[in-house]
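In: Structural data only, the sequence is not supplied:
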């Protein structure tokens, strides 16, 4: 530990310092271009119109770019294979760099949905719940914990910010379909986002939530209580009156 | 307290249990007849069977002879007095008549339960007629969402998904459908369905052909509709042919057209009867 300690600290500092530095000053156009070429263009092409490694970003819009970068799904690690699952990570860039990169890609490829603004002050959580159960729960499960698809999975929603949820709904990242104004208008989208926030700390009206451990512990409790009760009844049926 | 007193008491308890069963069964029949309420019906059925069970168990415990029984060897023929005693017992009732109360209350309980069980037969009718092979979809009806808004084609993005209903029938169980938008060049329309999916807009029944669950999961990148119940998968690009899971029949397709105002309209009913197979399905 004595030998490793300083090394670990140095690595940690090296990871933190550039971010801290970049937050102070927004990146220059040259810096953004450099990041684009180094981290994104390798797969998406210099012009953002896609290569055999990754799809074109044309028409994907600021909402897609902001979603992928703020959830840390992009950029993929350099070692990722083409079939690797794209998972949520800590963002690779600070907020200013993400904004600049989003502007850069939007200018480069054009079109697509803008970053949705989400106003939760007038959101109706109950109506959001109805829409969530109709349109979201099939994949993300009724509690927003995510679920299995065919060879894929829908992620849990609890780590997402309201803007990220709204972006995902509008653009349909990865395997997810896109939900336009026909499926959810802006008010309904705000309602759904409010409901997703509510799901982080739901009021459990159905009794003890068992720490939201899921269906397995709930089933185990049902078995223990149910079988225990049946054992008591069986003992009562088989009871004999002590003969006086 | 004498043993006789105890037995009387037990008899009354048992008879009361059976009468509670009868009352609950009558209540069940009444609730069922007046429209039904699942939780109440369940509770009444539980009380009915619970009363029956409590009565039987108490009967077995308090009134039936308790072992262990050791029979000493004795003279095999009855004495004169014993025969006379039995005859007089039979004549004036005695042991046997005491059980009349129990048998009668048990008959009442069983009868009431039996009658309550008869009522659901009523629910087998009336015959469904054409209800299984047709839905509210008609030529010219617009596609609407669950809150009644007509769907504008421009409001459905590429790889978009919308749950739609026939205009005037929001929430329709057999009319519910999924509208999906894909790149038109990807579609392989079946012969005779070439103009059913204009501009890549394509509509299928949302009712799974396996067990009737809502086919609400859509994997946009592989154009696969999934059923959450048993993981049946349907290929949106190829007439919703089942590609995985227990469903054996393709999802029925709804022929649509785009009208001059940008709305999406049905051109008739689904291509096939919706939902799981039934006995007379062709």
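Out: Arrived safely. Just so we're clear, the structure is a prediction, and the values are computed from it rather than from any experiment.
In: average model confidence for stretch B:106-116?
Out: Per-residue pLDDT over stretch B:106-116 has a mean of 92.
In: List the buried residues of that stretch.
Out: Within stretch B:106-116, the residues that count as buried by 16 or more other C-beta atoms under 10 Å in any protein chain shown are B:106, B:108-109, B:112-113, B:116. (Each C-beta comes from the backbone N, C-alpha and C, glycine too.)
In: mind putting the residues you listed in TSV, distance to chain A and secondary structure included?
Out: Putting these into TSV (distance: C-beta to the nearest C-beta, whole Å; DSSP: H, G, I helix; E, B strand; the rest coil) gives the following:
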residue	distance to chain A	secondary structure
B:106	18	helix
B:108	23	helix
B:109	18	helix
B:112	24	helix
B:113	20	helix
B:116	24	helix
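In: Give me the neighbour count for residue A:50.
Out: 15 (other C-beta atoms under 10 Å in any protein chain shown).
In: domain ranges for chain A?
Out: With domains defined by automatic domain parsing, chain A comprises A:1-115, A:119-207.
In: Please identify the deepest-packed of those domains.
Out: Of the domains of chain A, the one with the most neighbours on average (mean count of other C-beta atoms under 10 Å in any protein chain shown) is domain A:119-207, at a mean of 19.
In: End to end on that one, go ahead and measure it.
Out: 32 Å (C-alpha to C-alpha, to the nearest Å).
In: Give me every residue in chain B lying close to chain A.
Out: Listed as neighbours of chain A in chain B under the rule C-beta under 8 Å from any C-beta of the partner chain: B:57, B:60-62, B:66-67, B:145-146, B:149, B:151-152, B:155-163, B:179-180, B:214, B:216-222, B:224, B:226, B:228, B:231, B:233, B:244.
In: Give me the buried subset of those.
Out: Neighbour counting with 16+ other C-beta under 10 Å marks B:57, B:61-62, B:145-146, B:151-152, B:155-157, B:159-163, B:179-180, B:214, B:216-220, B:222, B:224, B:226, B:228, B:231, B:233 as buried within the residues of chain B next to chain A.
In: picking up where we left off before, with mean pLDDT and distance to residue B:256 added, can I get the domains of chain A in TSV?
Out: As requested, the domains of chain A are exported to TSV (pLDDT from 0 to 100; distance: least, C-beta to C-beta, whole Å):
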stretch	mean pLDDT	distance to residue B:256
domain A:1-115	79	24
domain A:119-207	91	14
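In: picking up where we left off before, among the buried ones among the residues of chain B next to chain A, which are in helices?
Out: Using DSSP state H, the members of these that fall within helices are residue B:57.
In: Among the buried ones among the residues of chain B next to chain A, which ones are in strands?
Out: Mapping those onto strands (DSSP state E) picks out B:161-163, B:179-180, B:217-219, B:224, B:226, B:233.
In: low-confidence ranges in the stretch 1-150 of chain B?
Out: By pLDDT under 70, the weakly predicted segments of the stretch 1-150 of chain B are B:1, B:93-98.
In: same thing but at 90, please
Out: Applying pLDDT under 90 to the stretch 1-150 of chain B picks out residues B:1-8, B:35-36, B:60-103, B:117-134.
In: can you pull out the strands in it?
Out: B:143-144 (DSSP state E, counting those that start in this stretch).
In: from it, which residue is nearest to chain A?
Out: residue B:57 (5.1 Å; C-beta to the nearest C-beta).
In: Quick check: most distant residue from the centroid of chain B.
Out: residue B:80 (64.4 Å; C-alpha atoms, centre = their mean).
In: show me the contacts for residue A:157.
Out: A:140, A:144-146, A:165, A:196, A:199 (C-beta atoms under 8 Å, 6 or more residues apart in numbering or on different chains).
In: Repeat the analysis, applying 6 Å as the threshold.
Out: By C-beta atoms under 6 Å, 6 or more residues apart in numbering or on different chains, the contact set of residue A:157 is A:140, A:144, A:196.
In: Brilliant, that's me finished.
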